[in-house]
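In: predicted model and sequence follow; I will ask about them next.
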Amino acid sequence: MNKVSSLNEVKITRQNLDFKGKNHLKEEKSPYLQQHANNPVWWYPWGDQAFEAAKQQNKIIFLSVGYSTCHWCHVMEHESFENQDVANVLNKNFISIKVDREERPDVDAIYMSAVQSITGRGGWPMSVWLLPDRTPFYGGTYFPKPHFVDILNKINQVWIETPEQLKNSSKQILALLKQAEEREGVGTKKDITQDILKSFLRYHENRFDEESGGFGPAPKFPQTMNLQALMRISRRLKNNSQKQNVKKMVLHTLDKMSLVGMFDHVGGGFHRYATDSKWLVPHFEKMLYDNALLVHTYLDAYQLYQNEEHERVIRETLDYILSDMTLKEGGFYSAEDADSLVPEKKEKEEGYFYTFTKKELSTLLTQQELEKVSEVFGVTAGGNFEGRTILNYQKDFNRKIKQNDFIKSALEKIKTFRNKRPRPHLDHKIVVSWNGLMISAMARAGAVLSEEKYKTAAKRAASFIEKNLIVEKKLKRRWVQGESKVNAFATDYAAFINGLLWVYQVDFDHHWLDLAIQLQEKLDHDFWDEKRGGGYFQDDGKDSTLLVRMKDDYDGVRPTASSLGALNLLMLHDFTYNKEYLQQAEKIFMAFSNVIKRASPALPQMVIALDYYLDTSKEVAVVGSKEHKLTQGYLDYLNSEFLPNKVIAWGLPDEKRQSKVPLLKGKVLKRDKPAVYVCEGRVCNRPVNEIADLVKQFQKIDFID
């Protein structure tokens with residue numbers, strides 16, 4: 001099909017069918033679909049009912065994909081989907097389907113690939129036009145109302161007069177989608193080398209923003225997995241100058257993200273990304289997965305560089321999650337919107353909830369408090385964002401200033417004032433993969449910071465997922481108001497398994513490890529790509545409504561199933577000594593070797609797993625009473641230091657109990673005192689019960705040549 005914009009404008013001449021429709025979203029529990037449940041558009045959810053209607057009425061399908069905290073999704077809804085005239089055009093000539101991309105990432109991925117092949121870019125809201133058989137022929141992202149109506153009219157006219165034009169276009173796009181299913185050839189073990197780590201490092205050295213931190217120009221995303229991979233590579237560098245350069249890149253970036261506008265200095269937690277190069281003006285939505293991955297990144301930096309500022313960031317972020325993003329039964333909510341209601345205007349604006357005018361603050365604070373807040377956080381009469389101020393630390397200050405009585409008092413007053421405003425929309429669905437990422441972040445933080453509330457939160461969330469989202473031994477994708485729906489995707493399995501492995505390492509209840517092993521078996525059975533050598537498909541291949549079966553080869557804002565799965569397999573191998581896990585991880589590396597050799601920065605989570613694989617990973621068995629100060633000393637050292645390529649098991653010297661975790665089997669006390677065994681490749685060193693002796697066993701590092 002020629003570009004729609006090049007077609008001559010025509011008016012709709014088709015007679016309206018004698019068909020009375022309705023909006024079918026009212027029974028859906030997805031927060032995003034509920035936002036559209038009262039639109040005059042006759043929306044359908046994704047499913048057979050919509051497809052059958054399209055076939056029976058011989059209508060084009062209009063597919064709209066978004067998510068509940070998407071700013072431009074709200075704009076397009078207000079302009080077009082809430083407008084009766086636009087709805088009349090859609091209802092008369094199209095079958096309209098609305099999809100929550102966070103609930104159905106499989107549908108989103110397929111049609112996003114189509115849109116990117118058509119336009120060269122993507123984003124949300126995603127707007128795609130499909131034939132009645134679901135094959136796409138045209139698409140884009142946000143369309144202003146006049147342009148949107150124009151496109152609807154033109155597409156409908158072509159469908160009436162020259163439908164073959166659309167069918168030919170759809171065949172070409174379908175061919176591209178099927179071609180995208182094919183991956184580059186499978187490599188061998190010879191391809192899995194340290195050269196990948198070195199090229200990853202060189203790429204980031206060349207892209208680093210010396211002035212503002214981060215990599216590349218605006219908009220700036222946190223790139224959490226990239227920073228984590230760099231820290232892992234850094235500890236294995238012989239060249240001290242290179243090591244110091246990585247330190248500079250990491251610390252400068254982390255400081256900028258947490259001290260400028262990306263971080264919410266009043267309520268805690270990170271916004272989505274920065275729209276400018278200096279990290280000042282964020283896109284204000286807050287996502288669970290971003291905050292989870294940022295906590296992991298700051299935990300790595302805290303362990304490696306021992307910067308107290310990082311501990312403050314971690315605590316403020318996790319305390320925000322516990323206060324504002326946690327279901328009382330234990331699961332973690334998905335997101336908070338960027339937009340919030342401006343009461344005097346009776347309409348929503350992006351960032352209003354999080355920004356202030358100097359006049360507003362003058363009514364809350366004493367003159368002395370106002371002066372100090374203005375000095376520390378850059379509050380001015382003109383503001384730095386549409387006449388308002390995004391609080392951000394000025395260059396002479398850091399988080400320690402929060403201990404100042406004036407600042408402490410002022411921020412409490414500002415928070416109390418802000419909490420009286422209408423809050424941004426909360427997306428209250430519980431998504432398994434995102435919860436898995438936060439579960440591991442909470443568990444790790446609990447161990448590293450010796451903070452029980454974070455450990456407890458991780459265990460409660462893991463228990464919630466197990467109780468509510470495992471149905472007949474099969475994982476579901478999401479939970480909303482008592483409803484568990486949509487079969488889980490490979491990323492859900494991989495992220496939850498990773499969370500369980502971390503919960504085990506702070507709780508040491510073998511139940512968590514057993515559950516991880518059970519879910520790994522299901523992941524391998526339902527999602528493994530045997531035909532192309534390894535890795536995980538996104539879906540289980542059982543949904544007949546999907547045109548193709550996708551396999552992700554890009555760690556975007558979240559890790560792919562194959563990347564995180566490779567790390568899980570290596571950890572499971574070290575807990576269980578089951579060689580099949582190691583062999584399967586190697587197959588993933590070989591299946592993606594050509595991609596990762598050519599473009600390692602596209603797969604930073606796989607680089608993390610590769611670092612684990614190429615290093616001499618440690619299997620650590622701690623035996624003895626948890627109450628004994630030696631046992632606590634071992635665990636404190638193992639958790640406080642940056643020793644990323646290891647697993648930890650704990651148990652009592654009880655053969656029956658230890659048999660549950662093969663790493664613990666046969667481990668006994670030493671001189672009747674708690675002992676720790678450090679093993680490499682199933683071969684264990686002599687047990688020690690002196691902290692100094694344990695430290696020595698971690699001083700050997702596999703340097704990168």
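Out: That came through fine.
In: quickly note the distance from the closest residue to residue 93 other than its chain neighbours to residue 64.
Out: Of all residues not flanking residue 93 in the chain, residue 156 sits nearest, at 4.4 Å (C-beta to C-beta, 6 or more residues apart in numbering). Quick note: C-beta positions are derived from backbone N, CA and C, even for glycine. Relative to residue 64, residue 156 is positioned 16 Å away (criterion: C-beta to C-beta, to the nearest Å).
In: next: residue 48.
Out: With distances defined as C-beta to C-beta, the gap from residue 48 to residue 64 amounts to 19 Å.
In: what of residue 22?
Out: Counting by C-beta to C-beta - residue 22 and residue 64 are separated by 17 Å.
In: which of these two has more neighbours?
Out: Per other C-beta atoms under 10 Å, whichever of residue 22 and residue 64 has more neighbours is residue 64, with 22 against 10.
In: mind listing what residue 604 touches?
Out: Under the criterion of C-beta atoms under 8 Å, 6 or more residues apart in numbering, the neighbours of residue 604 are 200, 223, 225-226, 228-229, 555.
In: pLDDT weak spots in the stretch 401-550 of the chain?
Out: Across the stretch 401-550 of the chain, no stretch falls below the confidence threshold (pLDDT under 70).
In: ok, which stretches of the stretch 201-350 of the chain are strands?
Out: 273-274, 282-283, 286-287, 335-336, 339-342, 347-350 (DSSP state E, counting those that start in this stretch).
In: pipe those strands into CSV and attach distance to residue 704, mean neighbour count and mean pLDDT per row.
Out: As requested, the strands of the stretch 201-350 of the chain are arranged in CSV below (distance: least, C-beta to C-beta, whole Å; neighbours: other C-beta atoms under 10 Å; pLDDT from 0 to 100):
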stretch, distance to residue 704, mean neighbour count, mean pLDDT
strand 273-274, 31, 22, 97
strand 282-283, 35, 23, 96
strand 286-287, 33, 26, 98
strand 335-336, 38, 27, 98
strand 339-342, 46, 18, 95
strand 347-350, 44, 17, 94
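In: among the ones you listed, which comes closest to residue 103?
Out: strand 335-336 (12.7 Å; C-beta to C-beta).
In: other SSEs contacting that closest one?
Out: strand 286-287, strand 426-427 (3 or more C-beta pairs under 8 Å, 6 or more residues apart in numbering; DSSP states H and E).
In: name the helix or strand of the protein that has the lowest mean pLDDT.
Out: Comparing every helix and strand of the chain by mean pLDDT, DSSP states H and E singles out helix 655-658 as the least confident one, with a mean of 60.
In: from residue 559, how far out is the closest residue to residue 554 other than its chain neighbours?
Out: Using C-beta to C-beta, 6+ apart and skipping residues adjacent in sequence, the residue nearest residue 554 is residue 602, 5.1 Å away. To residue 559, residue 602 is 12 Å away according to C-beta to C-beta.
In: so those two - more neighbours on which side?
Out: The residue with more neighbours, out of residue 602 and residue 559, is residue 559; 29 against 15, by other C-beta under 10 Å.
In: and the residue nearest to that one when sequence neighbours are not counted, what is it in contact with?
Out: The shortest distance from residue 559 to any residue other than its chain neighbours is 3.7 Å, reached at residue 605 (C-beta to C-beta, 6+ apart). Counting by C-beta under 8 Å, 6+ apart, residue 605 makes contact with 225, 229, 555, 559-560, 563-564, 567.
In: show me which pair in these is furthest apart.
Out: With distances taken as C-beta to C-beta, the most widely separated pair in these is 229 and 560, at 14.2 Å.
In: domain ranges for this structure, per the record?
Out: Under the assignment named as automatic domain parsing, the residue ranges that make up the domains of the chain are 4-181, 339-423, 618-696.
In: figure out which of those domains is closest to residue 327.
Out: Distances from residue 327 to each of the domains of the chain were compared by C-beta to C-beta, and the smallest falls on domain 4-181, at 13.5 Å.
In: so where's the stretch 251-400 of the chain uncertain?
Out: Scanning the stretch 251-400 of the chain residue by residue, none of them satisfies pLDDT under 70.
In: again with the stretch 601-705 of the chain
Out: Along the stretch 601-705 of the chain, segments meeting pLDDT under 70 span 655-659.
In: now do the strands in it.
Out: In the stretch 601-705 of the chain, the segments counted as strands under DSSP E, counting those that start in this stretch are 618-623, 646-651, 675-680, 683-684.
In: closest to residue 590 among the contacts of residue 605?
Out: When the contacts of residue 605 are compared for distance to residue 590, the smallest value, 14.1 Å, is given by residue 563; criterion: C-beta to C-beta.
In: how about that closest one, what does it touch?
Out: Contacts for residue 563 were tallied using C-beta under 8 Å, 6+ apart; they are 555, 603, 605-606, 608-609.
In: next one: residue 348
Out: 74, 339-342.
In: of all pairs in the residues you listed, which one is the farthest apart?
Out: Within the contacts of residue 348, two members stand farthest from each other by C-beta to C-beta: 74 and 342, at 13.9 Å.
In: quick one: which of the contacts of residue 604 is most hemmed in?
Out: residue 229 (28 neighbours).
In: on that earlier part again, so can I have JSON lines of the helices and strands packed on strand 335-336 showing distance to residue 52?
Out: Converted to JSON lines, those look like this (distance: least, C-beta to C-beta, whole Å):
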{"stretch": "strand 286-287", "distance to residue 52": "35"}
{"stretch": "strand 426-427", "distance to residue 52": "30"}
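In: ramachandran coordinates for the nearest residue to residue 495 once chain neighbours are set aside?
Out: When the adjacent residues along the chain are set aside, residue 495 lies closest to residue 436, with 3.1 Å between them (C-beta to C-beta, 6+ apart). Geometry field for residue 436 lists phi and psi as phi -60, psi -40, criterion degrees, to the nearest 10.
In: I'd like to know how far residue 436 sits from residue 685.
Out: Residue 436 is 33 Å from residue 685, by C-beta to C-beta.
In: higher neighbour count, the two?
Out: The neighbour comparison of residue 436 against residue 685 (other C-beta under 10 Å) goes to residue 436, with 28 against 15.
In: I'd assumed residue 402 was in contact with residue 408.
Out: Yes. Counting by C-beta atoms under 8 Å, residue 408 sits close enough to residue 402 to count as a contact (6.2 Å).
In: report the buried residues of the helix or strand that residue 587 is a member of.
Out: Secondary-structure assignment from DSSP states H and E places residue 587 in helix 579-591. Within helix 579-591, the residues that qualify as buried are 581-582, 584-591, counting by 16 or more other C-beta atoms under 10 Å.
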